[in-house]
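Asker: only the shape, not the letters, is given here:
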């Protein structure tokens, strides 16, 4: 299992957090914690590619910053 932290641009409120959580719920994750401007996500690298997580966050309307 891998745990990765992501910085996310454009988030400013609880609605933003919920939008990201909804999109991440569509991905097979072990655990996730989303806060304004960041997410800490644990996932099984054998089941999911990291790009799927980044795409889910981007689908929520916010942008992952590298």
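Answerer: Yep, it's here. Just so we're clear, the structure is a prediction, and the values are computed from it rather than from any experiment.
Asker: and the strands in this structure?
Answerer: Under the criterion DSSP state E, strands of the chain are mapped to 2-9, 31-35, 38-43, 63-65.
Asker: and the contacts of the shortest one?
Answerer: Outside strand 63-65, the residues within contact range by C-beta atoms under 8 Å, 6 or more residues apart in numbering are 6-10, 54, 57-58. In this view, the C-beta of every residue, glycine as well, is placed from N, C-alpha and C.
Asker: in this protein, which residue sits furthest out from the middle?
Answerer: Most distant from the centre of the chain: residue 46, at 17.8 Å, with distances by C-alpha atoms, centre = their mean.
Asker: state the distance from that one to residue 2.
Answerer: Using C-beta to C-beta, to the nearest Å, we find residue 46 at a distance of 10 Å from residue 2.
Asker: residue contacts, the spatially most central residue of the chain?
Answerer: Residue closest to the average C-alpha location in the chain (C-alpha atoms, centre = their mean): residue 57, at 4.8 Å. Residues near residue 57 by C-beta under 8 Å, 6+ apart: 6, 8, 20, 23-24, 39, 63-64.
Asker: these, buried ones only, as a ChimeraX selection?
Answerer: Here is the ChimeraX command that selects the buried residues among the contacts of residue 57 (16 or more other C-beta atoms under 10 Å):
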select :6,8,20,23,24,39
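Asker: could you identify the most distant pair in the contacts of residue 57?
Answerer: The largest separation in the contacts of residue 57, counting by C-beta to C-beta, is between 24 and 63 at 14.8 Å.
Asker: for the strands of the chain, which one sits closest to residue 50?
Answerer: Closest approach to residue 50 among the strands of the chain (C-beta to C-beta): strand 2-9, 6.8 Å.
Asker: tilt between the closest one and strand 38-43?
Answerer: Using axes from the mean of the first three to the mean of the last three C-alpha atoms, to 10 degrees, the inter-axis angle of strand 2-9 relative to strand 38-43 is 150 degrees.
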